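>>> Sharing a sequence plus its predicted fold:
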Amino acid sequence: MQSAYAILIFSACLFGVFEGCFGALPSSIKTCPRNHPDPNRCILDAVNIVRPLLAKGDLGDGYHTPPLEPLYLDNIEMGRGNEFRAVFSDIQARGGSNFIIEKLKANITNLSFDVYILLPKIEFVGKYSLKIRLLLLNINGKGDMRGTFKNARAYVKMRGIKVHKDGNDYVKFKELPLRIKVEDAQIHLDNLFGGDPVLGQVGNNIINDNHKLFLAEVLPGLEKGLSKSFVEISDNILQTATFDEMFPLE
Ligand SMILES: *[C@@H]1O[C@H](CO)[C@@H](O)[C@H](O)[C@H]1NC(C)=O
Ligand SMILES: *[C@@H]1O[C@H](CO)[C@@H](O)[C@H](O)[C@H]1NC(C)=O
C-alpha cells in the first residue's frame, strides 16, 4: 500500500518532472539539458521546486499529474496456491507528498535512472480480503482496513529504451522493477475471522507483533502489481514527448 504510494509519487513526480524537466512544460518546472554537468543535482532541484504542487497535481499552465493527497489505488491482488491470497482495494493513502528522494543516479545518455525514495509517514484506509498463514496460524478475513507505515523506502530501477515512430524517437520503459522496505508498520484489519471479536484481536496482534513477517508475504506481490501500473502510467505520459523535447541539447 505504501509502496503503491511510492510508485505513484514517483510517477507523478519524476516522470512528470522528466517530461516537465525537459519538454514543453509548465513554468513551475525547471529544465535540465541533456549535457548538464550534474544531472542528478538538476533533477533533484527540479523535484524540490515542484513538490508543493504535486499534492493537488496542478502544476499550473494546464499541466496536471495524478494528485498525491490523497492517492487512490484501485486493486492489488496476489496469491500463491491455496495457502496464500490477498486482495487490497479502494485504497486511499495520505502523506505521499512528503516524499524525499534520498539518492538519484541518472544517466541521460543511456536512459538509466536509479531512484531511492523515502516516505516518512503514510496513512492508509481501504478494503482487504485475505487468507494467510503466519507463525503456523491461519488468518483470514474480509472487510475494512487502516494503518500507518513509517519510513517506507522504495528503490526503482529504470532502464529506458528509445523507440522510433513517425520520424521521432520516444522513450519507453518496458519494465520498472522496484523494491520496497518498511521500517515500522501498524495495521488494523476489521472483521477478521468473520467478525469474531476475540480472534480478530488475536489476529491483529499477531500481524502487528510480526509485521516484518506479514509484510514479507505481502510486499512481493505488491511490488509486482505496482510495477505493472507504473509501466502503464509511464507509457501514458511518455508517448506525448519526443526524446529531443524531453532531453534538449541546451
Ligand atoms: C552514461 O552512460 C554512458 C553509456 O553507458 C557512459 O559512456 C557515460 O560515461 C555515462 N555517464 C555517466 C555520467 O555516468
Ligand atoms: C548506463 O550507465 C549507468 C552509469 O554509467 C550504468 O550504471 C548503467 O548500467 C548503464 N545502463 C545500460 C543499460 O547500459
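Now that the structure is in, tell me what you want to look at. For clarity, every value in this text was computed on a predicted model and none was experimentally measured. Numbers count the residues shown, from 1 in each chain. Ligands and ions are numbered 1, 2, ... in the order given.
>>> Counting neighbours, what do you get for Ala93?
Ala93: 26 surrounding residues under other C-beta atoms under 10 Å. Heads up, the C-betas are built off the backbone N, CA and C, glycines and all.
>>> how far away is the residue lying closest to Leu118 once chain neighbours are set aside from Asp45?
Sequence neighbours aside, Ile100 is the residue nearest to Leu118 in space, at 4.5 Å (criterion: C-beta to C-beta, 6 or more residues apart in numbering). From Ile100 across to Asp45, the span is 14 Å (C-beta to C-beta, to the nearest Å).
>>> same check, this time on Asn82
For Asn82, the distance to Asp45 - C-beta to C-beta - is 51 Å.
>>> Among those two, which residue is more densely surrounded?
Neighbour count, other C-beta under 10 Å: between Asn82 and Asp45, Asp45 has more, with 14 against 7.
>>> which phi and psi does the more buried one have?
Main-chain torsions, Asp45, degrees, to the nearest 10: phi -60, psi -40.
>>> who's in contact with it?
With contact taken as C-beta atoms under 8 Å, 6 or more residues apart in numbering, Asp45 is in contact with Lys30.
>>> Over to Lys162?
Per C-beta under 8 Å, 6+ apart, neighbours of Lys162: Leu111, Asp169, Tyr170, Val171, Lys172, Phe243.
>>> Scan the residues you listed and report the most crowded one.
Of these, with other C-beta under 10 Å as the count, Val171 tops at 23 neighbours.
>>> before we move on, the earlier item: assess the claim that the residue nearest to Leu118 and Tyr116 are in contact.
No - Ile100 lies out of contact with Tyr116 (C-beta atoms under 8 Å); the separation is 9.4 Å.
>>> Would you tell me which helix is longest in the protein?
helix 211-238 (DSSP state H).
>>> returning to that earlier point: distance check, the residue nearest to Leu118 against Glu223.
Counting by C-beta to C-beta - Ile100 and Glu223 are separated by 20 Å.
>>> between those two, which one's more packed in?
Taking neighbours as other C-beta under 10 Å, Ile100 and Glu223 compare with Glu223 leading, 19 against 13.
>>> Kindly state the pLDDT recorded for the more buried one?
The score at Glu223 is 83. That number is its pLDDT.
>>> Tell me who's in contact with it.
Counted by C-beta under 8 Å, 6+ apart, Glu223 has contacts Ser3, Pro177, Leu178, Arg179, Ile180.
>>> try Gly95
By C-beta under 8 Å, 6+ apart, the neighbours of Gly95 are Tyr5, Leu119, Pro120, Lys121, Ile122, Glu123.
>>> tilt between the helix or strand hosting Val198 and helix 211-238?
Per DSSP states H and E, Val198 falls inside helix 197-209. Here the directions of helix 197-209 and helix 211-238 differ by 70 degrees (axes from the mean of the first three to the mean of the last three C-alpha atoms, to 10 degrees).
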